[in-house]
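Undergrad: give me a 3D structure for the following:
(one chain, ligands or ions: 1)
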Amino acid sequence: MNNILFIKSSLNGEQGQSNKLAQQLVSNLASTSNITIIERDLAKQSLPHLSQAEMSAWMTQPNERSDKEEKLANVSDTLIEELHTSDTIVIGMPMYNFGVPSTFKAWVDRVARAGITFSYTENGPIGLLEDKKVIVVAARGGIYAGLEKDTQTQFLKDFFSFIGIDDISFIYAEGLNMSGSDQRLEAAQAVIDNFTN
Ligand SMILES: Cc1cc2nc3c(=O)[nH]c(=O)nc-3n(C[C@H](O)[C@H](O)[C@H](O)COP(=O)(O)O)c2cc1C
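TA: Residues are numbered from 1 along each chain as shown. Predicted coordinates:
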């Protein structure tokens, strides 16, 4: 059994290029084996910015939480549980204003939990998630891959490594708001069709 967590954050719903391309990949992966898919659309169900009250709820023992704290802690607990039950995390990743969508950052802020997804040791932090892989399908209006301006790629590598996932692959669809976008899109679709998990 292979469980996929499919995370999307395009503002453009079904028409979002990152959503469409990542969906193509998920459908391909699902056609080759018996796969369960958990879908998390961060644009549809946007998470608020992380608050002190929410972090404080995390640090309160479950049996000592108030109803409000229980509800707050439940948000992060649910997202982390989705990570725990998945083997492969497919991310449809639009570039918005040179970075990841703020809704995705709100997800990151809730799945990085000391003692649960990473731990501090005398040699620095270590990631606690094991045996998982991430595939990022990155859609961009401009062209950045391999350039200094592509801070998105490094951020995603650093973040997933921090929680214990070093197996991360990127598929880029770039220049989608430039002339020649049709050919670039077709090239990205071909890469997805040839992608082996
Ligand atoms: C609010 C916003 C900000 C954007 N910022 C950038 C950017 O910084 N760099 C870029 O290459 N494209 C940028 N784009 C274009 C998207 O990356 C492009 O539309 C791509 O298809 C991914 O978005 P989508 O999955 O929503 O279609 C931006 C689009 C929006 C809506």
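
Undergrad: pull up the pairing partners for the host helix or strand of V90, direction included.
TA: Element membership of V90 [criterion: DSSP states H and E] is strand 88-94. Using DSSP bridges, strand 88-94 pairs in its sheet with strand 2-8 (parallel), strand 133-139 (parallel).

Undergrad: comparing the ones you listed, which comes out most buried?
TA: Highest mean neighbour count among the strands paired with strand 88-94 (mean count of other CB atoms under 10 Å): strand 133-139, with a mean of 23. In this view, the C-beta of every residue, glycine as well, is placed from N, C-alpha and C.

Undergrad: of all the strands paired with strand 88-94, which lies closest to I116?
TA: Minimum separation from I116 across these (CB to CB) falls at strand 2-8, 16.2 Å.

Undergrad: what are the contacting residues of the strand holding V90?
TA: 2-11, 16-19, 21-23, 25-26, 29, 83, 100-101, 104, 132-140, 152, 156, 165, 197 (CB atoms under 8 Å, 6 or more residues apart in numbering).

Undergrad: of the residues you listed, which are in range of the ligand?
TA: Of the residues in those, proximity to the ligand by CB under 6 Å from any ligand atom holds for 10-11, 16-19, 139-140.

Undergrad: can you say which of those are buried?
TA: Among these, those scoring as buried are 10, 16-19, 139-140 (criterion: 16 or more other CB atoms under 10 Å).
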